[in-house]
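Peer 1: predicted model, plus sequence, below.
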Amino acid sequence: MTNEEILETNDSELIMLYREDDENAKNILYLKYKFIIDILIRKYSAWLNNLKIDYQEIYSESTVGFSDALKNYQDDKEASLPTFITLCVERRITGVIRKYSREKYKGLQETYSLDFFYDESQNRLMDIISDESINDPLKNIIDDEGCEELIAKIKSCLTVKENDVFVLMIRGFNYLEIAKILNNTSKQVDNTMQRIKSKIKKILNEKVN
């Protein structure tokens, strides 16, 4: 099967076959999305190196997360399959990091925080979805803003495709990585990001008015 044929294979059908123990479907899904593991290991490489975590251990945990995603994914979930795989694999990787250093990396909790630094490049949620405008309403959020409530409200106004991009944005992925994960062009992702930012600013403007 060529790379093009792999990418065009219907995920729903492959998931159904995978759950019937079809080894070919399992192999196709792995070939189709194994790059996500590589992206995530690169994303956390600084932490993994600093904590001297063995590559084989982290890769093994990543494949467990990959399998969990295939077992638990449902078509009616908010996220697409590649996004769901990303979240499941990342959860396993951060779990290993927490195991090695719970005190040093207290920030690696599975929460959404406007001030949390999501990656080694020091990207905050506020920085990711904000811009340099002096009137940026994101800068007016009060300290005790209920972040979970805000995230839920944002998600409720996004399309399925926008939600996929948003989930990856707030996990610290850049637009090139998001484009690769979602099999979109970087231009498509950039346009989607701009729509998301506009919707978020509208929500925040409604809050302060």
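Peer 2: Okay, I see it. Residues are numbered from 1 along each chain as shown.
Peer 1: what about residue 204, how many residues nearby?
Peer 2: Around residue 204 there are 21 other residues, counting by other Cβ atoms under 10 Å. The C-beta positions use only the backbone N, C-alpha and C, and glycine is treated the same way.
Peer 1: cool, residue 53 as well?
Peer 2: 19.
Peer 1: and residue 197, by the same measure?
Peer 2: Per other Cβ under 10 Å, the neighbour tally for residue 197 reads 18.
Peer 1: what's the helix or strand for it?
Peer 2: helix 186-208 (DSSP states H and E).
Peer 1: ok, now which ones touch residue 100?
Peer 2: 51, 53 (Cβ atoms under 8 Å, 6 or more residues apart in numbering).
Peer 1: in a strand, residue 21, correct?
Peer 2: No: according to DSSP: H, G, I helix; E, B strand; the rest coil, residue 21 belongs to no strand; its state is coil.
Peer 1: show me what the helix holding residue 197 is packed up against.
Peer 2: Packed against helix 186-208 by the contact rule (3 or more Cβ pairs under 8 Å, 6 or more residues apart in numbering; DSSP states H and E) you find helix 125-129, helix 147-156, helix 160-169, helix 175-182.
Peer 1: output the second one as PDB, nothing but the C-alphas.
Peer 2: Put plainly, it is helix 147-156. Extracted C-alpha coordinates of helix 147-156, given in PDB (Å, rounded to 0.1, in the frame of the first residue of the first chain):
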ATOM      1  CA  CYS A 147     -10.400  28.400  33.200                       C
ATOM      2  CA  GLU A 148     -12.300  25.200  32.800                       C
ATOM      3  CA  GLU A 149     -15.500  27.100  32.300                       C
ATOM      4  CA  LEU A 150     -13.700  29.300  29.700                       C
ATOM      5  CA  ILE A 151     -12.300  26.400  27.800                       C
ATOM      6  CA  ALA A 152     -15.800  24.700  27.800                       C
ATOM      7  CA  LYS A 153     -17.400  27.900  26.500                       C
ATOM      8  CA  ILE A 154     -14.700  28.300  23.800                       C
ATOM      9  CA  LYS A 155     -15.200  24.700  22.600                       C
ATOM     10  CA  SER A 156     -19.000  25.100  22.400                       C
END
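Peer 1: can you check what angle separates that helix from helix 186-208?
Peer 2: On the basis of axes from the mean of the first three to the mean of the last three Cα atoms, to 10 degrees, helix 147-156 is oriented at 120 degrees to helix 186-208.
Peer 1: same thing with the last one?
Peer 2: Put simply, helix 175-182 runs at 110 degrees to helix 186-208, going by the same axes, to 10 degrees.
Peer 1: now helix 175-182, how far from the centre of its chain.
Peer 2: 10 Å (Cα atoms, centre = their mean, to the nearest Å).
Peer 1: likewise the second one?
Peer 2: Distance, stretch centre to chain centre, for helix 147-156: 16 Å (Cα atoms, centre = their mean).
Peer 1: cool, thanks, signing off.
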